[in-house]
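Novice: coords below, sequence missing:
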Ligand SMILES: [Zn+2]
């Protein structure tokens with residue numbers, strides 16, 4: 001089974017869960033605030049064009065658009 005990351009629209013908490021294929025998270029419960037209905041996050045490697053490769057505004061270290069670990 002794949003591991004997906006889910007974001008809680010209520011408190012913003014992101015949690016990784018081992019989920020069945022195609023899980024959208026709408027029935028999952030936030031471990032932080034117990035809100036039902038999480039939003040699945042798109043994996044870093046599967047977001048082509050999101051950062052606008054080579055153009056201004058992108059990440060200067062080319063981390064792939066997910067800058068959480070590079071700044
Ligand atoms: Zn939450």
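Specialist: Arrived safely. Note that the structure is a prediction, hence the values are computed from the model and not measured.

Novice: contact distance from the ion - what residues of the chain qualify?
Specialist: Within the chain, the positions near the ion by CB under 5 Å from the ion are 8, 10, 11, 13, 30, 32, 33, 35. Where C-beta positions appear, they are placed from N, C-alpha and C, glycine not excepted.

Novice: ok, and the most crowded of those?
Specialist: residue 8 (22 neighbours; other CB atoms under 10 Å).

Novice: look up how far residue 23 lies from that residue.
Specialist: 15 Å (CB to CB, to the nearest Å).

Novice: and residue 14, by the same measure?
Specialist: Residue 14 is 15 Å from residue 23, by CB to CB.

Novice: more neighbours: the two, which one.
Specialist: When neighbours are counted by other CB under 10 Å, residue 23 comes out ahead of the other of residue 14 and residue 23, with 17 against 13.

Novice: touching, that one and residue 4? I think so.
Specialist: Yes - counting by CB atoms under 8 Å, residue 23 does reach residue 4; the two are 6.1 Å apart.

Novice: which neighbours do these two share?
Specialist: 17, 40 (CB atoms under 8 Å, 6 or more residues apart in numbering).

Novice: what's stretch 26-36 in contact with?
Specialist: Taking CB under 8 Å, 6+ apart as the rule, stretch 26-36 contacts 6, 8, 9, 10, 11, 13, 15, 17, 19, 37, 38.

Novice: that one: end-to-end distance?
Specialist: This stretch, stretch 26-36, spans 7 Å end to end (CA to CA, to the nearest Å).

Novice: same question, stretch 10-23
Specialist: Note: stretch 10-23 ends 19 Å apart using CA to CA.
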